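> I would like to see how this sequence folds:
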Amino acid sequence: MLEDLADIGRDPGTGGYVRDAWSPADMRLREWFADQAARRGLDLREDRNGNLWAWWGDPSRRPGVVTGSHLDSVRQGGAFDGPLGVVSAFAALDLLRSRGFVPGRPLGVACFTDEEGARFGVPCMGSRLLTGVLDPGRALALTDDAGDTLADVLSRAGRKPEELGADPETLGHVGVFVELHIEQGRGLVDLGAPVGVASAIWPHGRWRFDFRGQANHAGTTRLEDRDDPMLAYAAKVLAAREAAVRHGVVATFGKVRVSPNNANAIPGLVTGWLDARGPGEREVRALVAELAEGAEVREESWTPVVDFDLGLRERVARAAGRGLGVEVPALPTGAGHDAGILASAGVPSAMLFVRNPTGISHSPDEHAERSDCEAGVTALAAALEELTR
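As a prediction, this is how the structure comes out:
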């Protein structure tokens, strides 16, 4: 199944993936998901926010156990971030069926829309809208790099923008959610384990910084006459690194937009996006407050710390460990996931991580060994069997 997806949205020059939400690549991925559901005789549904659900059993009669992840990517991302969780979900169902197992409650595979937030800037868009965390009016007004609003994009994709918003009926079908994901770090490498469970997701957010100056000619404007916002932006990038060290967090200016963006012109406006994360909210907020001094700043998203339910986490770890014949360790992560959004909304949720031998993610160099991916499927199948008895 991963090979089926290998060429969709792939940049032939870099080998990385560009799978923006509602792009042609994303629509092909949605078709692939629908085809996989049909091959297995699953009941395919798309909720009001574009999230896809493939059900084995009727969740309206009893809330079910759901697994899955997302298929969109960051720009120039890797092949495993998101798709591994969706592919492994279908593979786990196949494994259970091959054993003759019949779940005692509905079992679903989910594909959440726009988890990465690459196009409109807000991560976990589908799950945030589903749970009511994100106001639909704000979401519909978000624009992509071409200036198109989410409302425009949804209309062109044949969806109804006015239906966006909290969906308690769909959310009520999810009794438990278990997301498998490639680990986006080297924790499992250091622990010598192919699979782990998530203990917590660090609090994290994104902030927009605008630096305004005076656009002018690069060749005729004396240095002393310049009002160059790029200098203020560059200073803020360096300050973020120094502040992150002091506060014990991580901070990244990974996206920048320059206007008018001419090689022979001093910019009039520089906009940079700060991503900040850490083990505690107080430390992250302190860093942002320090960097915000003297700057024009707007918070675009915030996710508080998520401590996954200890009882469910241990139950999943024990089942996975029995399936693999090894102990499955628990570890925190600084990466955000739809499982964290659902957990914060009160849905019992857990995560399984598959070892990443280099720790590299959000890059074409992201990788997982086939044997570890297979171990992930085995662990996920064992957890689903335990939870659907």
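> surely K255 meets E300?
No. With contacts counted by C-beta atoms under 8 Å, K255 stays clear of E300, the gap being 10.9 Å. (Each C-beta comes from the backbone N, C-alpha and C, glycine too.)
> which residues of the stretch 1-150 of the chain fall in strands?
43-46, 52-56, 64-70, 107-112 (DSSP state E, counting those that start in this stretch).
> Turn those into a markdown table, including mean neighbour count, mean pLDDT and distance to G196.
Putting the strands of the stretch 1-150 of the chain into a markdown table (neighbours: other C-beta atoms under 10 Å; pLDDT from 0 to 100; distance: least, C-beta to C-beta, whole Å) gives the following:
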| stretch | mean neighbour count | mean pLDDT | distance to G196 |
| --- | --- | --- | --- |
| strand 43-46 | 15 | 98 | 31 |
| strand 52-56 | 23 | 98 | 26 |
| strand 64-70 | 27 | 98 | 16 |
| strand 107-112 | 28 | 98 | 21 |
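> Report the set of residues contacting both of K255 and E300.
The overlap between the contact sets of K255 and E300 (C-beta atoms under 8 Å, 6 or more residues apart in numbering) consists of W273.
> all helices for the stretch 251-389 of the chain, in order.
For the stretch 251-389 of the chain, the helices defined by DSSP state H, counting those that start in this stretch cover 281-292, 310-324, 338-344, 370-387.
> And those: which comes nearest E224?
helix 281-292 (27.2 Å; C-beta to C-beta).
> buried stuff in the closest one?
Of the residues in helix 281-292, 281, 283-288, 291-292 count as buried by neighbour count, 16 or more other C-beta atoms under 10 Å.
> picking up where we left off before, between the strands of the stretch 1-150 of the chain, which gets nearest to R19?
So among the strands of the stretch 1-150 of the chain, strand 64-70 is nearest, using C-beta to C-beta, at 9.4 Å.
> Contacts made by that closest one with the rest, please.
By C-beta under 8 Å, 6+ apart, the list of residues contacting strand 64-70 reads 53, 55, 57, 82-86, 88-89, 92, 103, 105-116, 126, 173-181, 337-338, 380, 384, 387-388.
> where does the chain dip in pLDDT?
Counting by pLDDT under 70, the chain has no low-confidence residues at all.
> For stretch 115-124, measure first residue to last.
4 Å (C-alpha to C-alpha, to the nearest Å).
> domains for the chain, by residue range?
Listed by automatic domain parsing, the domain ranges of the chain are 2-202+305-387, 204-303.
> Quick one: residues contacting L223.
Counting by C-beta under 8 Å, 6+ apart, there are no residues that L223 touches.
> Got phi/psi on it?
phi -60, psi -40 (degrees, to the nearest 10).
> Can you give me the distance of it to P260?
20 Å (C-beta to C-beta, to the nearest Å).
> now do V197
Counting by C-beta to C-beta, the gap from V197 to P260 is 49 Å.
> do the same with P332
Distance, P332 to P260, using C-beta to C-beta: 43 Å.
> repeat for A110
Taking C-beta to C-beta, one finds A110 at 43 Å from P260.
> now swap in A292 and tell me
26 Å.
> Kindly report the same for T388.
T388 is 57 Å from P260, by C-beta to C-beta.
> Neighbour count for those two, which is higher?
More crowded of T388 and P260, by other C-beta atoms under 10 Å: T388, with 20 against 10.
> Not counting sequence-adjacent ones, nearest residue to that one?
P103 (3.6 Å; C-beta to C-beta, 6 or more residues apart in numbering).
> same thing with G165?
Nearest to G165 is P136, by C-beta to C-beta, 6+ apart, at 4.1 Å.
> Number of residues surrounding that neighbour?
19.
> gap between stretch 285-303 and the chain center?
Centroid separation for stretch 285-303 versus its chain: 22 Å, with C-alpha atoms, centre = their mean, to the nearest Å.
> Between the two ends of that stretch, how far is it?
End-to-end distance for stretch 285-303, by C-alpha to C-alpha: 12 Å.
> what does stretch 134-149 give?
Stretch 134-149: ends 16 Å apart by C-alpha to C-alpha.
> For that stretch, list every residue counted as buried.
Buried, per 16+ other C-beta under 10 Å, within stretch 134-149: 134, 136, 139-140, 142, 144, 148-149.
> ok, H173 touching A110?
No. Under the criterion of C-beta under 8 Å, H173 makes no contact with A110, lying 10.1 Å away.
> Find the residues that touch each one of the two.
53, 66.
> For M1, find the nearest of the strands of the stretch 1-150 of the chain.
Using C-beta to C-beta, the strands of the stretch 1-150 of the chain put strand 107-112 closest to M1, at 11.9 Å.
> tell me the angle that closest one makes with helix 370-387.
Between the axes of strand 107-112 and helix 370-387, defined by axes from the mean of the first three to the mean of the last three C-alpha atoms, to 10 degrees, the angle is 120 degrees.
> Quick one: residues in contact with strand 107-112.
Here strand 107-112 has contacts from 30, 33, 37, 42, 51-57, 59, 64-71, 86, 89-90, 93, 124, 126-127, 173-174, 177, 338, 384, 388, using C-beta under 8 Å, 6+ apart.
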